[in-house]
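[1] requesting a structural model of the entry that follows:
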Amino acid sequence: MKRSKPLENSKKHSNISLIKRFMPYYKNYKGVLFFDLFCAALTTLCEIVLPLIVRTITNTATENIALLTTELILKCGAVYFVLKVIDAAAYYYMSSVGHIMGTKMETDMRRDFFAHLQKLSFTYYDNTKVGTIMSRITSDMFDITEFAHHCPEEFFIAGIKIVCSFAILCTMNVPLTLIIFALIPVMILTLSPFRIKMKESFRDSRKQVGELNARVEDSLLGIHEVKAFSNETIEEHKFEEGNVRYLDIKKVVYKQMGAFHSITRCFDGLLYITVVVAGSFFMRAGKINAADFIAYLLYVTTLLNSVKRIVEFTEQFQRGMTGIERFSEVMDIEPDITDKPGAREIESVKGDIDFENVTFRYSADTPDVLKNLSLSIHAGENMALVGPSGSGKTTFCSLLPRFYELSGGKILIDGNDITDIKLTSLREKIGIVQQNIYLFSGTVRDNIEYGKPGASLEEIEEAARLAGADEFISSLPNGYDTYVGERGVKLSGGQKQRISIARVFLKNPPILILDEATSALDNESERIVQQSLEKLAEGRTTITIAHRLTTIKNADKIIVLTADGIAESGSHAELMRKNGLYADMYNLYSAE
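    Sure, this is the predicted structure:
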């Protein structure tokens, strides 16, 4: 299994493997694609037929001007006019429905991409910047859309023109045709190194866009700290470094593109010179007439236009390949934590929890955070975890809902190994209230309803009442329909915390984790929130991580966790009588 890791270390893919990976997204749009290609074929008729019409008129005029009748001229004009009408209708379909097909494919890919992101564990997000993910799901997807629509069209049209031009030109003069077409492979081979370099440069460019996005996101999310420390200049300097780096990469890209297009123009000139010079010698030798020579020049123009379109499309092609590659890199990362075969749902949960010789480290090259830790929590019991920073308290609580996978040992709920329980079923039975509350951009109602999607307004209001949030919500401008702002910026810390508690009340889980839920609040807010938490904990198995030790005096059991494991355990009174580490911590806190 591929472990979640920074995307910068992902391997590169060949264009063929990327196209194979992308092809299934055409499956739902095969009818549109085939008709789009049919329309693409129709649009080539005008360019293929025009030289033939010119050749016919010229041949007729040179052989016997009297044969160039009005009827013949009008017939030729009528044929070309009808072809132009067909060309316009076909081009409309390609430009509208064809582009819509590409956008639908983009929508499908973005849906799959986002769904896959939801499956990845915390380990992946610990190692990946959100800005780089945003770059992949937005700008990369747009490039893929253009690729999805234009790639089949451009190559199909070019293929038809090249094949038809070759066949028609061979009827005029085989040696000259072979000379012309012999130059095309040379042109492709000469341009190939530039194509490869362009792909690498586009990849670097996309990566740097992600870094810029991450830089902007980090600065804007921390705008309060930036302004509080008057560090706007520092943030501008940080951004400028990334911005200049992006400029340098784009300079390389455009230099390579310039060389690419310059070489293409040189070959254009070489082909024209070859046709003019060699064609003139063949015409002098009587192996090609004037009408065929003119038609030959027109077909070479058509041929060159086809090659040029492919060349010009190379930039878009490479952007699309880069987008598909970056899409594939994420989709190829398998989630660290998944349901194992045979995992089952759990319905009724009492709340007995057992940690048996639990060991955990974040990666193979980091030390153990927890080592051979064993303890039991009885159903309905309120257990508190205390200890110095870095002792593994939050990690301990993150292992119960399987946010991370154990390095050793096992965790049981009502005697069931949590790895034998489906993830969704396991996490439905656990409610979490954290110190850093995240409220989604939306209304108060939306954020409380997140605990039980589809809940009625009555249920939401009851959960808010139990959380002690109903009073302040009712005083908001639009009550439960008040917009809370991004990350709940329009609410105070205590208000956000009570909404998060209401969310858990609505979820109504049998197991509750309180991760320093009041440590960031002022005294008055802490008092109100603590009352709500005590009400929430009634009848549930509760694990509380406490910073303020006075809030856990009534806990059934207190565990003192250190870097070496469990140092002490017991009730508040028992631990105070021991006069050990807990008593020292409590006395120090009380003195402060």
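[2] in the chain, which spans are strands?
    In the chain, the strands defined using DSSP state E lie at 353-360, 370-377, 382-386, 408-413, 416-417, 430-434, 511-515, 541-545, 557-562, 565-570.
[3] how about JSON lines for these, with distance to residue 24, mean pLDDT and mean neighbour count added?
    For the C-beta atoms, the positions are set from N, CA and C on the backbone; glycine is no exception. Output for the strands of the chain, formatted as JSON lines (distance: least, C-beta to C-beta, whole Å; pLDDT from 0 to 100; neighbours: other C-beta atoms under 10 Å):
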{"stretch": "strand 353-360", "distance to residue 24": "38", "mean pLDDT": "92", "mean neighbour count": "18"}
{"stretch": "strand 370-377", "distance to residue 24": "43", "mean pLDDT": "90", "mean neighbour count": "18"}
{"stretch": "strand 382-386", "distance to residue 24": "48", "mean pLDDT": "90", "mean neighbour count": "23"}
{"stretch": "strand 408-413", "distance to residue 24": "39", "mean pLDDT": "92", "mean neighbour count": "17"}
{"stretch": "strand 416-417", "distance to residue 24": "37", "mean pLDDT": "92", "mean neighbour count": "14"}
{"stretch": "strand 430-434", "distance to residue 24": "37", "mean pLDDT": "85", "mean neighbour count": "22"}
{"stretch": "strand 511-515", "distance to residue 24": "41", "mean pLDDT": "87", "mean neighbour count": "24"}
{"stretch": "strand 541-545", "distance to residue 24": "45", "mean pLDDT": "89", "mean neighbour count": "24"}
{"stretch": "strand 557-562", "distance to residue 24": "49", "mean pLDDT": "90", "mean neighbour count": "21"}
{"stretch": "strand 565-570", "distance to residue 24": "50", "mean pLDDT": "89", "mean neighbour count": "16"}
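[4] ok, which of those strands comes nearest residue 528?
    Of all those, it is strand 430-434 that lies closest to residue 528, at 13.9 Å by C-beta to C-beta.
[5] who touches the nearest residue to residue 342 once chain neighbours are set aside in this structure?
    Residue nearest to residue 342 in three dimensions, not counting chain neighbours: residue 420, with 7.4 Å by C-beta to C-beta, 6 or more residues apart in numbering. By C-beta atoms under 8 Å, 6 or more residues apart in numbering, the contact set of residue 420 is 340, 342, 343, 344.
[6] give me the neighbour count for the closest residue to residue 51 other than its chain neighbours.
    Once flanking residues are discounted, residue 51 sits nearest to residue 298: 3.7 Å by C-beta to C-beta, 6+ apart. By other C-beta atoms under 10 Å, 18 other residues sit near residue 298.
[7] please apply the same query to residue 401.
    19.
[8] likewise residue 166?
    The local packing of residue 166 (other C-beta under 10 Å) involves 16 other residues.
[9] can you check residue 503 too?
    The number of residues packed near residue 503 is 25, by other C-beta under 10 Å.
[10] can you map out the helices along the stretch 101-250 of the chain?
    Ranges of helices in the stretch 101-250 of the chain, per DSSP state H, counting those that start in this stretch, are 122-127, 130-137, 139-172, 174-221, 223-228, 232-284.
[11] I meant the stretch 301-450 of the chain, not that one.
    393-399, 423-428, 444-449.
[12] related to what we said a few turns ago, would you convert the strands of the chain into CSV that also reports distance to residue 56?
    Conversion of those to CSV gives the following (distance: least, C-beta to C-beta, whole Å):
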stretch, distance to residue 56
strand 353-360, 82
strand 370-377, 87
strand 382-386, 91
strand 408-413, 84
strand 416-417, 83
strand 430-434, 80
strand 511-515, 84
strand 541-545, 88
strand 557-562, 93
strand 565-570, 94
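[13] please consider this matter closed, and thank you.
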